[in-house]
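Visitor: based on what follows, work out the 3D shape:
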Amino acid sequence: MKSALLLTVACCLITAPSIADSPEQYGKALTVTELTRVSDILADPKKYDGKKVRVEGEVVDVCKKRGCWIKLSGDSEEETIVFKVDDGVIVFPMEAKGRKAIAEGVVSARTYSVEELIAQGEHHAEEQGTTFDPSTVKEPKTVVRIMGEGAVLSD
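Guide: The predicted structure is shown next:
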(Lines give C-alpha, C1' and ligand atoms only; values in the text may rest on other atoms or scores of the structure.)
Protein backbone atom coordinates (compact mmCIF):
# COMPACT_ATOMS: atom_id res chain seq x y z
CA MET A 1 0.00 0.00 0.00
CA LYS A 2 2.81 2.40 0.94
CA SER A 3 4.66 1.71 -2.29
CA ALA A 4 1.52 2.40 -4.37
CA LEU A 5 1.02 5.70 -2.56
CA LEU A 6 4.67 6.69 -3.02
CA LEU A 7 4.48 5.80 -6.72
CA THR A 8 1.36 7.96 -7.14
CA VAL A 9 2.97 10.93 -5.36
CA ALA A 10 6.16 10.53 -7.44
CA CYS A 11 4.16 10.49 -10.69
CA CYS A 12 2.30 13.65 -9.66
CA LEU A 13 5.54 15.45 -8.84
CA ILE A 14 7.11 14.42 -12.15
CA THR A 15 4.17 15.51 -14.30
CA ALA A 16 3.30 18.73 -12.42
CA PRO A 17 5.99 20.89 -14.09
CA SER A 18 4.97 19.76 -17.57
CA ILE A 19 1.32 20.61 -16.87
CA ALA A 20 2.29 24.08 -15.62
CA ASP A 21 4.40 24.69 -18.74
CA SER A 22 1.66 23.70 -21.18
CA PRO A 23 0.43 26.45 -23.53
CA GLU A 24 -2.79 28.26 -22.63
CA GLN A 25 -5.35 29.12 -25.33
CA TYR A 26 -7.28 32.41 -25.12
CA GLY A 27 -10.18 33.15 -27.45
CA LYS A 28 -10.55 31.43 -30.80
CA ALA A 29 -8.23 28.72 -32.08
CA LEU A 30 -5.43 29.98 -34.30
CA THR A 31 -5.97 29.31 -38.01
CA VAL A 32 -3.39 31.44 -39.85
CA THR A 33 -0.25 29.40 -40.50
CA GLU A 34 2.05 32.08 -41.91
CA LEU A 35 3.83 34.24 -39.36
CA THR A 36 3.96 38.00 -40.01
CA ARG A 37 6.75 39.98 -38.39
CA VAL A 38 5.69 42.90 -36.20
CA SER A 39 8.35 45.03 -37.90
CA ASP A 40 6.74 44.38 -41.30
CA ILE A 41 3.35 45.52 -40.01
CA LEU A 42 4.79 48.65 -38.41
CA ALA A 43 6.86 49.49 -41.51
CA ASP A 44 3.82 49.44 -43.82
CA PRO A 45 0.62 49.47 -41.75
CA LYS A 46 -1.66 50.37 -44.67
CA LYS A 47 -0.55 47.19 -46.48
CA TYR A 48 -1.79 45.06 -43.58
CA ASP A 49 -4.82 47.15 -42.57
CA GLY A 50 -7.90 44.89 -42.46
CA LYS A 51 -5.87 41.68 -42.94
CA LYS A 52 -5.79 38.77 -40.52
CA VAL A 53 -2.26 38.05 -39.31
CA ARG A 54 -0.41 35.78 -36.94
CA VAL A 55 2.37 37.36 -34.88
CA GLU A 56 4.55 36.24 -32.03
CA GLY A 57 6.51 37.96 -29.33
CA GLU A 58 7.00 38.36 -25.64
CA VAL A 59 4.19 39.92 -23.64
CA VAL A 60 5.73 43.15 -22.34
CA ASP A 61 2.60 44.68 -20.83
CA VAL A 62 -0.99 43.74 -19.90
CA CYS A 63 -4.06 45.92 -19.32
CA LYS A 64 -4.19 46.25 -15.55
CA LYS A 65 -7.88 47.12 -15.38
CA ARG A 66 -9.64 44.49 -17.51
CA GLY A 67 -6.97 42.30 -19.15
CA CYS A 68 -8.40 43.48 -22.47
CA TRP A 69 -5.06 43.92 -24.25
CA ILE A 70 -1.51 42.74 -24.24
CA LYS A 71 1.48 44.51 -25.72
CA LEU A 72 3.80 42.24 -27.69
CA SER A 73 7.47 42.82 -28.40
CA GLY A 74 8.53 43.06 -32.00
CA ASP A 75 11.71 42.12 -33.78
CA SER A 76 13.73 44.81 -32.00
CA GLU A 77 13.60 46.23 -28.49
CA GLU A 78 11.82 49.46 -29.38
CA GLU A 79 9.06 47.79 -31.43
CA THR A 80 5.81 46.74 -29.82
CA ILE A 81 2.27 46.21 -31.00
CA VAL A 82 -0.94 46.15 -28.99
CA PHE A 83 -3.17 43.09 -29.28
CA LYS A 84 -6.61 44.42 -28.26
CA VAL A 85 -9.62 42.23 -27.55
CA ASP A 86 -13.24 43.09 -26.80
CA ASP A 87 -13.77 43.67 -23.10
CA GLY A 88 -14.77 40.45 -21.36
CA VAL A 89 -14.40 38.24 -24.44
CA ILE A 90 -10.80 37.41 -23.58
CA VAL A 91 -9.23 38.36 -20.25
CA PHE A 92 -5.45 38.15 -20.12
CA PRO A 93 -4.01 37.60 -16.63
CA MET A 94 -1.32 39.92 -15.29
CA GLU A 95 0.91 36.84 -15.11
CA ALA A 96 1.01 36.85 -18.92
CA LYS A 97 3.74 39.49 -18.76
CA GLY A 98 7.08 37.92 -19.68
CA ARG A 99 5.50 34.94 -21.43
CA LYS A 100 5.73 34.12 -25.12
CA ALA A 101 2.58 34.72 -27.16
CA ILE A 102 1.43 33.61 -30.57
CA ALA A 103 -1.51 35.83 -31.43
CA GLU A 104 -3.93 36.16 -34.30
CA GLY A 105 -6.24 38.96 -35.32
CA VAL A 106 -7.01 41.70 -37.82
CA VAL A 107 -4.62 44.63 -38.22
CA SER A 108 -6.13 48.06 -37.64
CA ALA A 109 -4.20 51.08 -38.91
CA ARG A 110 -6.33 54.09 -38.06
CA THR A 111 -5.44 57.75 -38.02
CA TYR A 112 -6.77 59.51 -34.91
CA SER A 113 -7.37 63.23 -34.48
CA VAL A 114 -5.63 65.22 -31.74
CA GLU A 115 -8.84 65.18 -29.69
CA GLU A 116 -9.22 61.41 -30.02
CA LEU A 117 -5.56 60.87 -29.04
CA ILE A 118 -5.97 63.04 -25.95
CA ALA A 119 -9.09 61.09 -24.92
CA GLN A 120 -7.23 57.80 -25.46
CA GLY A 121 -4.21 59.04 -23.50
CA GLU A 122 -6.36 60.09 -20.57
CA HIS A 123 -8.26 56.77 -20.63
CA HIS A 124 -5.02 54.76 -20.77
CA ALA A 125 -3.51 56.78 -17.91
CA GLU A 126 -6.61 56.17 -15.80
CA GLU A 127 -6.49 52.42 -16.52
CA GLN A 128 -2.80 52.15 -15.76
CA GLY A 129 -2.78 54.50 -12.77
CA THR A 130 -0.35 56.89 -14.46
CA THR A 131 -0.44 60.51 -15.57
CA PHE A 132 -0.90 61.93 -19.05
CA ASP A 133 0.03 65.37 -20.38
CA PRO A 134 -2.34 66.40 -23.20
CA SER A 135 0.15 69.04 -24.40
CA THR A 136 2.34 66.21 -25.70
CA VAL A 137 -0.19 65.55 -28.47
CA LYS A 138 0.62 67.93 -31.32
CA GLU A 139 -0.84 66.31 -34.44
CA PRO A 140 -2.95 63.40 -35.70
CA LYS A 141 -1.30 60.00 -35.55
CA THR A 142 -1.82 56.61 -37.15
CA VAL A 143 -2.23 53.97 -34.45
CA VAL A 144 -1.49 50.39 -35.45
CA ARG A 145 -2.81 47.48 -33.42
CA ILE A 146 -4.19 44.01 -33.86
CA MET A 147 -7.83 43.45 -33.07
CA GLY A 148 -7.41 40.12 -31.33
CA GLU A 149 -9.29 36.95 -32.00
CA GLY A 150 -7.13 34.32 -30.32
CA ALA A 151 -3.78 33.79 -28.63
CA VAL A 152 -1.65 31.06 -27.16
CA LEU A 153 0.61 31.86 -24.20
CA SER A 154 3.53 29.68 -23.22
CA ASP A 155 6.54 29.94 -20.93
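
Visitor: residue contacts, the residue nearest in space to the middle of the chain?
Guide: Nearest to the mean C-alpha position of the chain, by Cα atoms, centre = their mean, lies Ile70 at 2.9 Å. Ile70 is in contact with Val59, Asp61, Val62, Cys63, Val82, Phe83, Phe92, Ala96, Ala101, Ala103, Ala151, counting by Cβ atoms under 8 Å, 6 or more residues apart in numbering. To be clear about C-beta, it is placed using only N, CA and C from the backbone, and glycine gets the same treatment.

Visitor: just those residues now: which is nearest Leu117?
Guide: If you rank these by distance to Leu117 using Cβ to Cβ, Val82 comes first, at 14.3 Å.

Visitor: in the sheet, which residues pair with the residue lying closest to that closest one once chain neighbours are set aside? Tell me.
Guide: Excluding the flanking residues, the one nearest Val82 by Cβ to Cβ, 6 or more residues apart in numbering is Arg145, at 4.2 Å. In this entry, Arg145 is beta-bridged to Val82, Ser108, by DSSP bridges.

Visitor: tell me the pLDDT of Arg145.
Guide: With respect to pLDDT, Arg145 has a value of 96.
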